[in-house]
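build me a model:
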Amino acid sequence: MVAAQFTLYLNNCNVNNVVRLALIDQGLDTCDSFLGFNDGDMKAVCRRIIQPGGTLPGRGAAAGRANRGTPVTFVSEINLRKACFYRNYMNRIQRTFVAAAATMILVQDVWDDRFDLENPDRDVEREVIKDPAPMVKVDDIKKTLEDIDNVLNKRKGLGGSPLAYTTRDTLTLPENTPGEADQGFGMASREAESIRRTRHDGPAYRQDNIAVRAIIRHVAHGGPAWAWVSSFGRHSNGRGAYHALRTHYFGGSYTTRAVTKADATIENLHWDGRAKNYPLEKFFEQLNKAYTDLDENGEPVTEAKKVRHMLQSIRDPRLEAAKNTIMISDAHKENLAASVSHLAQALDMIKTTTVSTRNISTTQTHGGRGQGRGGRGGRGRGNAR
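Okay, here's the model as predicted:
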């Protein structure tokens with residue numbers, strides 16, 4: 001049964017029987033024999049098949065002759081590498097491998113999405129993912145964790161999965177997790193599937209866990225967060241360090257502090273247009289950040305309430321007409337972004353109109369004075385004659 005599946009799988013991948021038999025001679029006689037082999041290993045296997053070395057066994061004229069090996073065409077070698085990669089990929093994301101279902105189209109699709117793990121520096125399309133900046137003060141924790149998540153989502157591990165798979169909250173597979181369902185092979189995307197399903201065991205996971213630990217050490221060492229993650233260095237436990245950081249700063253106490261601070265900001269914030277170093281855009285920015293903090297910490301505010309409170313906090317009489325327009329407009333009174341845009345445009349128009357009026361007034365004033373002096377001077381010169 002196992003041998004038949006091996007034959008079927010290689011046939012699906014367009015690898016002929018001669019090469020299959022040569023693989024068996026090299027000890028690769030089942031589909032699971034590919035597990036643990038990377039792309040470089042398969043290239044080495046093909047070289048060994050072509051030039052095995054040694055002499056031929058047996059008796060007679062052939063005995064003792066040099067073993068000239070088995071020819072492996074370039075296409076056969078590529079197909080063998082694809083077959084190996086696909087088998088390891090299915091094992092890595094913990095999906096059942098079925099030889100009959102592993103068609104060349106499917107294998108090719110996964111191969112096309114592969115990552116050049118053996119020579120990443122030679123991949124000209126690979127984005128350079130820099131480590132996050134060290135965390136200097138506690139107030140930077142939100143940005144720091146966002147930067148860490150960004151790096152983990154983009155940087156690939158040894159098996160080709162984004163490093164974010166090491167820190168995912170749920171270890172059980174979707175089909176075994178209450179309230180969750182498997183979206184299907186390759187869904188919602190190849191990377192999303194890898195993050196959600198890549199296994200947490202084996203040498204690749206151990207190395208990836210060490211890599212995550214190095215990223216967090218770079219961020220936390222010497223800063224306020226170091227006390228909470230330093231102990232995970234003994235076992236190079238990046239996953240543990242990541243969750244310790246998030247639990248400490250984003251646990252119940254952090255949520256309470258964040259909500260209290262956001263409430264205070266919204267309550268005390270106002271804008272009257274008098275301070276030159278406090279533009280309307282800065283007011284909008286601070287107000288929106290406070291609402292975002294409330295939303296992220298489980299206390300969202302409705303759009304209508306956001307708009308009402310914003311209008312109450314704006315005390316510049318020049319914007320009264322724009323505020324009244326918002327209150328009677330269905331398109332604005334329950335849409336903070338639209339209301340912000342309307343107020344900003346209204347203020348720009350007011351400023352433009354004010355500047356134009358001043359310019360006209362200045363021009364008229366200067367012109368009148370000039371005519372007066374000229375007239376008096378003319379009459380004086382005339383009388384002198």
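
so what does Pro300 look like in phi/psi?
phi -70, psi 150 (degrees, to the nearest 10).

distance check, it against Asp112.
41 Å (Cβ to Cβ, to the nearest Å). For every residue, glycine as well, the C-beta is placed using N, CA and C.

same question for Val138.
Val138 sits at a distance of 45 Å from Asp112 (criterion: Cβ to Cβ).

for Ile314, same thing?
54 Å.

neighbour-wise, which of these two wins?
Ile314 (23 against 9; other Cβ atoms under 10 Å).

for Glu281, what are its contacts?
Going by Cβ atoms under 8 Å, 6 or more residues apart in numbering, Glu281 touches Ala344.

okay, it: pLDDT?
At Glu281, the predicted lDDT confidence score is 95.

check Ala62 too.
Predicted confidence (pLDDT) for Ala62: 58.

quick one: low-confidence parts of the stretch 51-200 of the chain?
In the predicted model of the stretch 51-200 of the chain, residues 53-67, 115-127 satisfy pLDDT under 70.

where do the helices sit along it?
Using DSSP state H, counting those that start in this stretch, the helices of the stretch 51-200 of the chain run over residues 74-92, 104-112, 141-154, 190-197.

just the angle between the longest one and helix 190-197, please?
With axes from the mean of the first three to the mean of the last three Cα atoms, to 10 degrees as the criterion, the two stretches helix 74-92 and helix 190-197 enclose an angle of 40 degrees.

buried ones in helix 74-92?
76-92 (16 or more other Cβ atoms under 10 Å).

also stretch 287-307?
Leu287, Ala290, Tyr291, Asp293, Leu294, Asn297, Glu303, Lys306, Val307.

which ones among these lie within strands?
Residues of the buried residues of stretch 287-307 located in strands (DSSP state E): none.

what's the closest of these to Ala204?
Using Cβ to Cβ, Asn297 comes nearest to Ala204 of the buried residues of stretch 287-307, at 35.5 Å.

verify the stated contact: that closest one with Lys261.
No. The pair Asn297 / Lys261 is not scored as a contact, 10.1 Å apart, by Cβ atoms under 8 Å.

report the buried residues of the helix or strand that Ile49 is a member of.
Following DSSP states H and E, one finds Ile49 within helix 39-50. In terms of neighbour count (16+ other Cβ under 10 Å), helix 39-50 has its buried residues at Asp39, Met42, Val45, Cys46, Ile49.

repeat that for stretch 214-232.
Buried positions in stretch 214-232, judged by neighbour count with 16+ other Cβ under 10 Å: Ile215, Ile216, Arg217, Val219, Ala220, Gly223, Ala225, Trp228, Val229, Phe232.

next, the third one: secondary structure please.
Looking back up the chat, that one is Arg217. helix (DSSP: H, G, I helix; E, B strand; the rest coil).

any idea how far Trp228 is from it?
Separation of Arg217 from Trp228 (Cβ to Cβ): 12 Å.

hmm, who's touching stretch 241-257?
Residues outside stretch 241-257 that contact it (Cβ under 8 Å, 6+ apart) are 138, 141, 145, 148, 166-167, 212-213, 216-217, 220, 225, 228-229, 232-233, 297-298.

try it again at 6 Å.
With Cβ atoms under 6 Å, 6 or more residues apart in numbering as the test, stretch 241-257 has contacts from Ile141, Thr167, Arg213, Ile216, Ala225, Trp228, Val229, Phe232, Asn297.

now stretch 231-239
Thr166, Thr167, Asn209, Ile210, Val212, Arg213, Gly240, Ala241.

if you set the cut-off to 7 Å instead, what comes out?
With contacts defined as Cβ atoms under 7 Å, 6 or more residues apart in numbering, stretch 231-239 is touched by Thr166, Thr167, Asn209, Ile210, Ala211, Val212, Arg213, Ile216, Arg217, Gly240, Ala241, Ala244.

now swap in stretch 10-28 and tell me
Outside stretch 10-28, the residues within contact range by Cβ under 7 Å, 6+ apart are 7, 34, 45, 48-49, 70, 72, 76, 79-80, 82-83, 102-104, 107.

what's in contact with the helix holding Ile49?
The contact list for helix 39-50 (Cβ under 7 Å, 6+ apart) reads 22, 26, 28, 69-72, 77, 80-81, 84-85, 118.

any idea of the angle it forms with helix 74-92?
On the basis of the same axes, to 10 degrees, helix 39-50 is oriented at 140 degrees to helix 74-92.

averaged pLDDT, helix 39-50. What do you get?
Averaging pLDDT along helix 39-50 gives 92.

rewinding a little: okay, the buried residues of stretch 287-307 in JSON lines with pLDDT and distance to Asn268 next?
Below are the buried residues of stretch 287-307 laid out as JSON lines (pLDDT from 0 to 100; distance: Cβ to Cβ, whole Å):
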{"residue": "Leu287", "pLDDT": "95", "distance to Asn268": "11"}
{"residue": "Ala290", "pLDDT": "94", "distance to Asn268": "10"}
{"residue": "Tyr291", "pLDDT": "95", "distance to Asn268": "14"}
{"residue": "Asp293", "pLDDT": "89", "distance to Asn268": "15"}
{"residue": "Leu294", "pLDDT": "92", "distance to Asn268": "15"}
{"residue": "Asn297", "pLDDT": "85", "distance to Asn268": "19"}
{"residue": "Glu303", "pLDDT": "95", "distance to Asn268": "22"}
{"residue": "Lys306", "pLDDT": "95", "distance to Asn268": "16"}
{"residue": "Val307", "pLDDT": "95", "distance to Asn268": "19"}
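
so which of those belong to helices?
Leu287, Ala290, Tyr291, Asp293, Leu294, Glu303, Lys306, Val307 (DSSP state H).
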